[in-house]
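K.L.:
What follows is a predicted protein model with its sequence.
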Amino acid sequence: MTAPKHFLDIHDHELAVLRTIFDRALALKADLRSGEIDRSMVGKTLVMIFEKPSTRTRVSFQVGFQQMGGMTVVMGDQESQVGRGESWADTARVLSRYADAIMIRTDDPQKLRELAEYATVPVINGLTDASHPCQIMADVMTYEEHRGPIAGRTVSWVGDGNNVTTSWIHAAVKLGFILKIACPEILPPNAGVVAWAIENGADIRLEETAEAAVAGSDLVITDTWVSMGDENPELRRQVLLPYRVDPALMAKADPDALFMHCLPAHRGDEVTDEVLDGPQSVIWDEAENRLHAQKGILSWCLE
């Protein structure tokens, strides 16, 4: 039996695979807008497991797969036997007999890896506490639609060194852009991931201030200061205050720079209204492209 084509993390794949997915996503987006909707998933089923709440991930995967003619089944964390003690390995074996692909949004990345190890159908990472690859695929797609190839450009991350930061680091290795990161000392990016990226030739620069990270940048990115499950929200807000993206900080970037946020945004915390709703912001294109990028991923996994 041929091994299933999982999409667990960006660093698992060669550049050619990532480019194939981008090209497919762009083609599917163009087809949808022209009315020539791809129906390659007719007769196929996608099971989606949500152990964490979701707006964009759920709707974009469900709508995208249905647009291509497929059927979807959505399961919450208390709607399966995993919540009652069944192993992820056994769940993977069972779901593989019912579905053509599985997407999971969960906390522990080990759950994702165990699901993929025992599934005989593709497994897709819809988010874990360690990474968020589908988001970054949509983000890169959005940047390149607006400004051309991201290779050689300077990307700036300011704020919490979280799972989205990790996937941006993975992408820097594969896609060849400079990544400047500014985080508080108590909320740093994963040191092991940073070391791996540098060892593999990525240009990763850890900056002491948000201003240094953003200076001359082509793309400025931030994320919510308090995510699901985070402790001490008031402490987090205090230490992250110097990393708020406001017009003064955006002015440090290249005049042609874009701003992104994976949403949901907490206006006035990590970003001000002037930036979020301003001319450099592409957050709504970014949100839309979750749909198209994930259709590209599904198409690659199931082709």
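P.N.:
Ah, there it is.
K.L.:
Checking my notes, D269 in a helix, right?
P.N.:
No: counting by DSSP: H, G, I helix; E, B strand; the rest coil, D269 is not found in a helix; it is coil.
K.L.:
Thought L298 was touching F65, still the case?
P.N.:
Yes: in this structure, F65 is within contact of L298 by Cβ atoms under 8 Å, at 6.2 Å. The C-beta positions use only the backbone N, C-alpha and C, and glycine is treated the same way.
K.L.:
Common neighbours of the two, please.
P.N.:
Common neighbours of F65 and L298, counting by Cβ atoms under 8 Å, 6 or more residues apart in numbering, are M41, L46.
K.L.:
pLDDT-wise, which helix or strand of this protein ranks last?
P.N.:
Every helix and strand in the chain was compared by mean pLDDT, DSSP states H and E; the lowest is helix 233-240, with a mean of 92.
K.L.:
just checking, next helix/strand downstream of it?
P.N.:
helix 247-250 (DSSP states H and E).
K.L.:
which intervals of the protein have sub-threshold pLDDT?
P.N.:
Scanning the chain for pLDDT under 70 picks out the ranges 1, 83-84, 228-229.
K.L.:
Quick one: the helices in the stretch 201-303 of the chain, in order.
P.N.:
With DSSP state H, counting those that start in this stretch as the criterion, the stretch 201-303 of the chain has helices at 210-214, 233-240, 247-250, 273-276, 283-302.
K.L.:
can I get those helices in JSON lines with distance to P4 and mean neighbour count?
P.N.:
As requested, these are exported to JSON lines (distance: least, Cβ to Cβ, whole Å; neighbours: other Cβ atoms under 10 Å):
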{"stretch": "helix 210-214", "distance to P4": "38", "mean neighbour count": "22"}
{"stretch": "helix 233-240", "distance to P4": "38", "mean neighbour count": "15"}
{"stretch": "helix 247-250", "distance to P4": "43", "mean neighbour count": "18"}
{"stretch": "helix 273-276", "distance to P4": "39", "mean neighbour count": "17"}
{"stretch": "helix 283-302", "distance to P4": "8", "mean neighbour count": "23"}
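K.L.:
now those helices as JSON lines including distance to N190?
P.N.:
Shown next, in JSON lines, are those (distance: least, Cβ to Cβ, whole Å):
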{"stretch": "helix 210-214", "distance to N190": "17"}
{"stretch": "helix 233-240", "distance to N190": "17"}
{"stretch": "helix 247-250", "distance to N190": "24"}
{"stretch": "helix 273-276", "distance to N190": "27"}
{"stretch": "helix 283-302", "distance to N190": "23"}
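K.L.:
V73: which element?
P.N.:
Following DSSP H and E, one finds V73 within strand 71-76.
K.L.:
Quick check: buried residues in that strand?
P.N.:
M71, T72, M75 (16 or more other Cβ atoms under 10 Å).
K.L.:
With that, I have no additional questions.
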